[in-house]
Structure formats: C-alpha cells, structure tokens
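>>> Fold the following and give me the result.
(chains A and B)
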There are 2 protein chains.
Amino acid sequence: MASITNVSCNKMFGGLQKVFSHDSKELGCKMKFAIFLPPQSEQDKVPVIYWLSGLECTEANCVQKSGIQKYAAEHGVIIVCPDTSPRGLNLPGEKDSWDFGEGAGFYVDATEKPWNKNYKMYSYVTRELIDVINKNFPVIEGKQSIMGHSMGGHGALICALKNPGLYKSVSAFAPICNPSECPWGKKAFEGYLGAFENGTWSQWDATELVKTYDGQPIELFLDQGAADNFMHQLLPEHLIKACKDANIPAILKMREGYDHSYYYIATFIGEHVAYHAQHLTN
Amino acid sequence: MASITNVSCNKMFGGLQKVFSHDSKELGCKMKFAIFLPPQSEQDKVPVIYWLSGLECTEANCVQKSGIQKYAAEHGVIIVCPDTSPRGLNLPGEKDSWDFGEGAGFYVDATEKPWNKNYKMYSYVTRELIDVINKNFPVIEGKQSIMGHSMGGHGALICALKNPGLYKSVSAFAPICNPSECPWGKKAFEGYLGAFENGTWSQWDATELVKTYDGQPIELFLDQGAADNFMHQLLPEHLIKACKDANIPAILKMREGYDHSYYYIATFIGEHVAYHAQHLTN
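All right, here's what the predicted structure looks like:
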C-alpha cells in the first residue's frame, strides 16, 4: 500500500475537509482525492459515501460548490471525492477535448491504446480507492454508498450495478444514463473501448446493465433538473424504461426549473446524503 | 439610471441566483453583480443583505462557495454580491499586485492619481448599487444590512460606521479591522489615499471610525477563525479595544480551529444571515 500525502486541511462544519495525493497503481500516476471527516469520526468509525464528479471536474468541485459537508456532519458520514481521470500522463490527444481524456475518464477500464494502460477509473474507484480509504481513515469497512453527477452519475450507477452489494445505496444527479446512445458517451466509449461492434459497450452502460442485472435487490435514486440543457446526453427515460421492464425499483425526482449546475446539486444534495445515511445505518 | 443586463440565471433552493452587468457611473466601467432572489420575492418585497468579498474575489466567490442561498431562502432575504473593484480599465500598475488595484478596491473612494477617477468602491456600494437594486428588484427600500469577508469585512464595517442608520445591521468574517496598522491596509491606503500624513486614513479605518462614532446605536457582529493565518493583517483586538473604549457593543465569535477560507465562512454564514434577518424584520 503506497502512502498518502496530506495536501490541505480546512476545518468545516466541525469536521475536517482534507485533500490527499497518492501514487495510484491502477492509473500509473499521482492522484488527488478529497475527504471530509465529520466530527463523529474523531471518536468512532463511520460510514462513507463516494462522490464521482462530472466532465472537466477534479476532486475539488463537489468540495467547494455542493455544500455537502454540512449534511455529512449532520449524519456522521465521511465523503470521498476522487478526481475524474488520470493526470499528467501526457498521452497523445489527452488534452485535445474537454469531454475526452484528461478530466473525462468516464469511470471505465479502457481497452484501446493508448488509454488501456492508465485509464482505469473503474478499477481505481471500486477497488484501489476503497482500499486506500479503508486502510487510512476511520471507516466502517463495507458501509459505503456511491453517488455522482452527470458523467459521475453514470459512474456511480455502473459501479453499483456491476458490483451487487458493494454499495449499500446509489444515487445520481443528472446521470448520463445510456452512454451508448448519446454523443458524449459514444465519443468516450469509441475512444476507450473501441467500436460499438466490439460488443463491450453494454458492460459500461447503466441502461444496458439494468437489463441483465441479477444480483441482490437494488434501488436506483435518480435526480434530474427538468430545465437541464443536456437532456439529449442524459436520456433518463431510457434508464427508467429499462428499470420498469426489469422490475428494478427506481426513484426519479424531476426538479422543475433546475439545470445541470452545482446550484442544482447544492439544493438537493442534502436529500441524497440523508437517503444514503439511512441505508448505511440500517 | 443605466439599464442592467442579465448575464446568467440558475434556480437554487427554490429561488433564482442571477448575475447582472451594468455601466457604473461612479466607477466608469462595466460592473457585474450577483443577486439571489429567494422564493418569497416572487410574491412580496423582501429585505436585502449586501455581501462584500475579499482580496482577489469577484461577484462569484460568495455565490459559488458560501452556501448562503440556503439560508437566504429560509429567511426570505435577497443577497447582493458586488465585484471587489473596477474592471478592465487598464490603468498603469492595476494588475501588478494581487492585493492592490484590480480585485482589491478596498471599498474606499481613492483620492490619488491614477485611481481617483474610478476606484470609488465606497460610493458604488453605499449609493449607486443600492439605487440599482432598489429600482430593479423587489426589495423593501431601507431594509438592508451589510456583511463581508476580510477586505470585504473591512468594507462592511466602514460602510456601516460612516452611514449611521443606512444599514439595519452589520457583520464581518475575519475583517481587516485596522487597515492603517497592517501591511495590506497600509499598501492600499498609501496607493489610494496617499501618505498617512495626509490625515485621511482614519476616515476609512473601522477602528478609527469607532473612536469618533456619534450616530444612532450600532452593534458590530465580528466573526474570526482562531486558526486564521492572517491575524497580523486583521487585528481584531484593536477593534475590540476601540469598541470597549467607545462603549460600542461588539460581538466577537472566535471559532476554534477555523482558518480564513470559504470553508470557514460556509460553516457560520447561516448564523450571520439569521442575525441580519432578525434585524431586518423587526
């Protein structure tokens, strides 16, 4: 287990908002993650919620803009925010697009060159990062949930659907629900996974994963701003239909007038933390 | 009255977080300000709280990082956040320092060239901006309070102390309490107001203004992180002593372990909004 290095520490809502860096084996580069330690974690082990951010984000966006720490302190849960891709690799084309490469890892394990050596955000989030957190912080092992926004909402959904029971609950703000069918998803999947005809896209697409899910009971908590300009990228109706067909319970909260921004997330993230806390303390 | 132009609008906590630009007469340039309109303002006129930001900030920092909108929606108050200096003037030396010139207007009316034509943030905040807000938004005229952070805490204090009765209440996070005596303040005052020997600094220094205050009763609500690295710039003990000597009531909340950041502000801004709301609805 590589060591972790504390980059910053700020007191907030009685707890500590910290950032750490570490050398990731899965990704082959130095990565940063943010962690909020609620006041309860000074005395006891507590549950943890993982937050996956969207395109162009780093570990900082949720920390600075969502206000999640207030609710984490109220419920006594740790919040972990990883970065959204490997960093500093200087792979060819890595910085050419805002929606592919750096800042846009899409939480898959890439199979195509030159991405397949480092772009393994799925393995990083579901294995290496959990190990790092469990070994270095006062968490109750196994008491973890996952949530995210946009690309990170897609990430949260596939991490939960591909690993029945690993997370006690899953929720997503404005997730990319069916990446195989939208421009952002197609671009990312072609780049990281190769042509659609390879047949592997469905392993990384929440709408497709729902159709074949046969693990323990799972509920999807989906949140969507009704005034979101990216609805053609998100396609919540595809995922809702797949859930209905597969008899997987899905809660969809449509928020009238809300868009795709952190202003929307900040408004409702307290509801999500409460939802996860309920599952994590049962 | 010059017109205002809507730059952005995002729904948040049931209200609307908007940004406007307008041509400022006092400052001789285009300025932006942010305004949060709580849901209550759709039906009725409501009170307003002005927020003044610190060094290097714009109208965006408080909006994105403080979480103030949640509390403004609960209490039914408008929040107005102006920028921290004139913008885009290209005066000589304007961008040479992070703590002087652009982003560092210090809420004074400059008397020294080349600043004296445009750097009139005091007149902008206490007159022009109030006019713009009163004429364009559903505010109860006269029901206004003011608060700020660091340089903006200094600004809030001097705006209130120089205008007895204009604001129903005033509060400050980690304010520069005695700018005549600290490095940031001396640099700014020498640049904008000329040499200390001119004798005008005391008109723009909260600690000095308290000594000569003879308006209607006023209370200062001061908030300070005990782990703030900038204590030598802030000098809260100078202001507290001046308040004691002058029999001006001051509340000083020292926050153990908190620093100078927006993480600290976010933790306690709800208390400040509640404090102002109480004064604004009496």
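>>> CA atoms for contacts and neighbours, from now on please.
Will do.
>>> Could you double-check that A:K186 sits in contact with A:N178?
No - using Cα atoms under 8 Å, A:K186 is not in contact with A:N178; the gap is 9.6 Å.
>>> Pick out whichever of the two has more residues nearby.
With neighbours defined as other Cα atoms under 10 Å in any protein chain shown, A:K186 and A:N178 compare such that A:N178 has more, 24 against 19.
>>> Now A:A188: which helix or strand?
Using DSSP states H and E, the element containing A:A188 is helix A:183-193.
>>> Give me the residues contacting that helix.
With contact meaning Cα atoms under 8 Å, 6 or more residues apart in numbering or on different chains, helix A:183-193 is reached by A:99-100, A:106, A:108-113, A:115-116, A:119, A:176, A:178-180, A:195-196, A:200-201, A:233.
>>> Would you mind listing which of those are buried?
A:99-100, A:106, A:108-112, A:115, A:119, A:176, A:178-180, A:201, A:233 (16 or more other Cα atoms under 10 Å in any protein chain shown).
>>> Distance across stretch A:141-157, terminal residue to terminal residue?
End-to-end span of stretch A:141-157 (Cα to Cα, to the nearest Å): 20 Å.
>>> wait, stretch A:74-82
Note: stretch A:74-82 ends 22 Å apart using Cα to Cα.
>>> For A:P47, pull up the helix or strand it's in.
strand A:46-52.
>>> what packs against the very next helix or strand once past that strand?
Later in the chain than strand A:46-52, the nearest helix or strand by DSSP H and E is helix A:60-65. If you count contacts as 3 or more Cα pairs under 8 Å, 6 or more residues apart in numbering or on different chains; DSSP states H and E, helix A:60-65 packs onto strand A:78-82, helix A:262-280, helix B:61-65.
>>> redo that, cut-off 10 Å
strand A:15-24, strand A:29-37, strand A:46-52, helix A:68-75, strand A:78-82, helix A:262-280, helix B:61-65, helix B:262-280 (3 or more Cα pairs under 10 Å, 6 or more residues apart in numbering or on different chains; DSSP states H and E).
>>> what mean pLDDT would you report for it?
Helix A:60-65 comes out with an average pLDDT of 96.
>>> Could you do stretch A:22-40 as well?
98.
>>> just stretch A:132-148 next, same as before
98.
>>> Residues of chain A that sit close to chain B?
Counting by Cα under 10 Å from any Cα of the partner chain, the residues of chain A lying close to chain B are A:9-17, A:61, A:63-70, A:225, A:227, A:255-268.
>>> Pull the number of nearby residues for A:G54.
28.
>>> nope, A:K32 is what I was after
A count of nearby residues for A:K32, using other Cα under 10 Å, gives 24.
>>> Share the number of residues neighbouring the closest residue to it other than its chain neighbours, please.
Spatial nearest neighbour of A:K32, excluding adjacent residues (Cα to Cα, 6 or more residues apart in numbering or on different chains): A:S21 at 4.2 Å. Neighbours of A:S21 under the rule other Cα under 10 Å: 16.
>>> Now do the contacts for A:S21.
Counting by Cα atoms under 10 Å, 6 or more residues apart in numbering or on different chains, A:S21 makes contact with A:3-8, A:30-34.
>>> if we go to 6 Å?
Shown in contact with A:S21 (Cα atoms under 6 Å, 6 or more residues apart in numbering or on different chains): A:4-5, A:31-32.
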